[in-house]
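>>> Below are the sequence and a predicted model for it; my questions follow.
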Amino acid sequence: RTIDVAITHGDIIATELTNMYPRLKNRTKSIAHGPLGDGFDGAVAIRPKGCRLLFFGRIHAYKGLIYFVESIIALRDKGYPVVGVIAGKGSDLEPHRQRMIDAGCFEIIDKYIAAEEIPRLFLDSLITVLPYTDGTQSGVAALALGFGRPVVASAVGSIPELVRNGVNGLLVAPRDAGGLTEAPETIITDHTLWESLANGALNLKNGELSWRTIADKTILAYGLAIELKSAA
């Protein structure tokens, strides 16, 4: 109610905000969530050994763990040597723990993930999976971008503005267990596609979605705030 200019991490979020607060029309700037992942400066993506698919971060119901579990089991039933890696803590882990243990194709890292552990988790994983049922934007997607990893994500909120379909990942409808099986399968079986998506992530990281670009856009947003304040 008191701000002069708002910054959102996506056009869809900006629209939702201005619908809630019409006075912010022409005062809201959509600026991308920048890439995360300190310490990785690789210029070319290198495909990891193995077939580990990563579900990372706080584990709450809207993150869609149930769909990740179903997709990993389905892929294993098709004969792919996948391992579903669940790294993080949260209220939605326990309801699915026994099923994952029984399936025998999951690695559960049930703890807070320290910063120094994050690079290896992402770099050892073939794909980062975001089966969200709802959401606005994702820091996990920003980490995958920073480490040059393809993402399979639900098309919710402004996530498609960070995970570009066919550029650095593949998008599926939310709660679509079939799509969340088919999209990773496509990447697993097509090495050229994996390489294209991984390098697409690095290109976005170093170009359109780089912190330099974000800084330039943020400076313009602050400039607008100063201009509006001076004119008041």
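Right, received. Where do you want to start?
>>> contacts, neighbours, all on C-alpha from now
Noted.
>>> what distance separates stretch 47-65 from the centre of its chain?
Centroid displacement of stretch 47-65 relative to its chain, using CA atoms, centre = their mean, to the nearest Å, is 10 Å.
>>> and it, average pLDDT?
The predicted model assigns stretch 47-65 a mean pLDDT of 96.
>>> The chain should start at 703 in everything you say after this.
Yep, numbering from 703; the last one is stretch 749-767 now.
>>> What residues of it count as buried?
749, 753-761, 765-767 (16 or more other CA atoms under 10 Å).
>>> In CSV, could you pull the C-alpha coordinates for that stretch?
What follows is stretch 749-767, C-alpha atoms only, in CSV (Å, rounded to 0.1, in the frame of the first residue of the first chain):
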residue,chain,number,x,y,z
ARG,A,749,26.3,-35.0,-19.1
PRO,A,750,26.7,-36.8,-15.7
LYS,A,751,27.1,-40.5,-15.4
GLY,A,752,24.0,-42.4,-14.2
CYS,A,753,20.4,-41.4,-14.4
ARG,A,754,19.6,-39.5,-11.2
LEU,A,755,16.5,-37.2,-11.2
LEU,A,756,16.5,-34.5,-8.5
PHE,A,757,13.6,-33.3,-6.4
PHE,A,758,15.1,-30.5,-4.3
GLY,A,759,14.1,-28.1,-1.5
ARG,A,760,11.4,-27.7,1.1
ILE,A,761,8.9,-30.6,0.7
HIS,A,762,5.3,-29.4,1.0
ALA,A,763,2.2,-30.6,-0.7
TYR,A,764,2.2,-28.0,-3.5
LYS,A,765,5.6,-29.2,-4.6
GLY,A,766,3.9,-32.3,-6.0
LEU,A,767,6.2,-35.0,-4.5
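>>> So which residues make contact with that stretch?
By CA atoms under 8 Å, 6 or more residues apart in numbering, the residues outside stretch 749-767 that reach it are 770, 783-795, 823-837, 842, 877, 890, 896-897.
>>> mind listing the strands for this protein?
Counting by DSSP state E, the chain has strands at residues 708-710, 730-732, 754-758, 785-789, 808-811, 829-832, 853-856, 871-874.
>>> Can you spell out which helices and strands pack onto the fifth one?
Using 3 or more CA pairs under 8 Å, 6 or more residues apart in numbering; DSSP states H and E, the elements in contact with strand 808-811 are strand 785-789.
>>> mind showing which ranges of this structure have poor pLDDT?
Confidence mapping of the chain against pLDDT under 70 gives the ranges 741.
>>> which ones are touching the most centrally placed residue in the chain?
Geometric centre of the chain, nearest residue: residue 843, 1.8 Å, by CA atoms, centre = their mean. Counting by CA under 8 Å, 6+ apart, residue 843 touches 830, 832, 853, 861, 864-865.
>>> out of those residues, which is most surrounded?
residue 853 (33 neighbours; other CA atoms under 10 Å).
>>> That one pairs with what?
residue 830, residue 871 (DSSP bridges).
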